[in-house]
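**Student:** model the following, please.
(2 chains)
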Amino acid sequence: EADIYQTPRYLVIGTGKKITLECSQTMGHDKMYWYQQDPGMELHLIHYSYGVNSTEKGDLSSESTVSRIRTEHFPLTLESARPSHTSQYLCASSSRGKTQYFGPGTRLLVL
Amino acid sequence: GQQLNQSPQSMFIQEGEDVSMNCTSSSIFNTWLWYKQDPGEGPVLLIALYKAGELTSNGRLTAQFGITRKDSFLNISASIPSDVGIYFCAGQSYSGGGADGLTFGKGTHLIIQP
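**Tutor:** Prediction:
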């Protein structure tokens, strides 16, 4: 059973607001990831991290930013939310390139 | 970049039937993973395959890593209502893109009619 948590689970917010999606894992995994997924569609990698102070852009361009100050924490921030950011955001972690385990996701709706 | 072709895109079956889905690629992968995602939740790992030719079972689920390392299939026997969801394959290549070269298929939507 994977111990990876995301908050909030659901977020409805107005255009222009700054938001931070939280992700934390208690497994001591070095690698963490953020994926974006539209309902019923495939997952797209938007950010990943090899460890503390490491952040990289994923395959899909995103206006969001991430930080990795602590091993267990990998928050994602949108400085100014727009309706085009409406989606589900999934966080995952893995140990030394092994299997990725996913959190429950945050469903974001920007009005 | 690498691409996975997952099929079928959706399946409508009767409860109790067996299910089969597969993923193919033109690229070689070192690992194949199968995930299931329920609506509004994150994907949950079902089976991980690490060796070409490997056949692994997890309850009613059976998955195989193709000999060519370019394909994998997942079978579900005697389907039940809780099997409903989206099934994703993922191939991992240490020489490929993404953080760990993990590439996802587009998913198979499984719908079960009672």
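**Student:** so which elements touch the helix or strand of chain B with the lowest mean pLDDT?
**Tutor:** Ranked by mean pLDDT, DSSP states H and E, the weakest helix or strand in chain B is strand B:102-104, scoring a mean of 85. On a contact count with 3 or more CB pairs under 8 Å, 6 or more residues apart in numbering or on different chains; DSSP states H and E, strand B:102-104 meets strand B:85-92. The way it works is simple: take the backbone N, C-alpha and C, and place the C-beta from them, glycine included.
**Student:** note down every partner strand of the strand it packs on and its orientation.
**Tutor:** Sheet pairing for strand B:85-92, assigned by DSSP bridges, gives strand B:31-37 (antiparallel), strand B:102-104 (antiparallel), strand B:108-113 (antiparallel).
**Student:** so where is the chain shaky, pLDDT-wise?
**Tutor:** Assuming you mean chain A. The model of chain A has pLDDT under 70 over residues A:1-2, A:97.
**Student:** not quite, I wanted chain B
**Tutor:** Ranges of chain B meeting pLDDT under 70: B:1-2, B:94-101.
**Student:** would you map the strands across it?
**Tutor:** Remark: strands assigned in chain B by DSSP state E are B:5-7, B:10-14, B:19-24, B:31-37, B:44-49, B:55-58, B:61-65, B:71-76, B:85-92, B:102-104, B:108-113.
**Student:** what angle sits between the fourth one and strand B:61-65?
**Tutor:** To tie it back to what came earlier, the one meant is strand B:31-37. Angle of strand B:31-37 versus strand B:61-65, following axes from the mean of the first three to the mean of the last three CA atoms, to 10 degrees, is 150 degrees.
**Student:** how far does strand B:31-37 sit from its chain's centre?
**Tutor:** With CA atoms, centre = their mean, to the nearest Å as the basis, strand B:31-37 stands 5 Å off its chain's centre.
**Student:** what residues does it touch?
**Tutor:** Outside strand B:31-37, the residues within contact range by CB atoms under 8 Å, 6 or more residues apart in numbering or on different chains are A:99-100, A:102, B:23, B:43-50, B:61, B:63, B:65, B:72, B:74, B:85-92, B:102, B:107.
**Student:** residue 31 pairs with what?
**Tutor:** In the absence of a named chain, this looks at chain A. A:S94.
**Student:** chain B, not that one
**Tutor:** Going by DSSP bridges, B:T31 is paired in beta bridges with B:Q92.
**Student:** could you find the closest non-adjacent residue to the residue nearest to the spatial centre of chain A?
**Tutor:** Closest residue to the average C-alpha location of chain A: A:W34 at 3.5 Å, with CA atoms, centre = their mean. Excluding the flanking residues, the one nearest A:W34 by CB to CB, 6 or more residues apart in numbering or on different chains is A:H47, at 4.4 Å.
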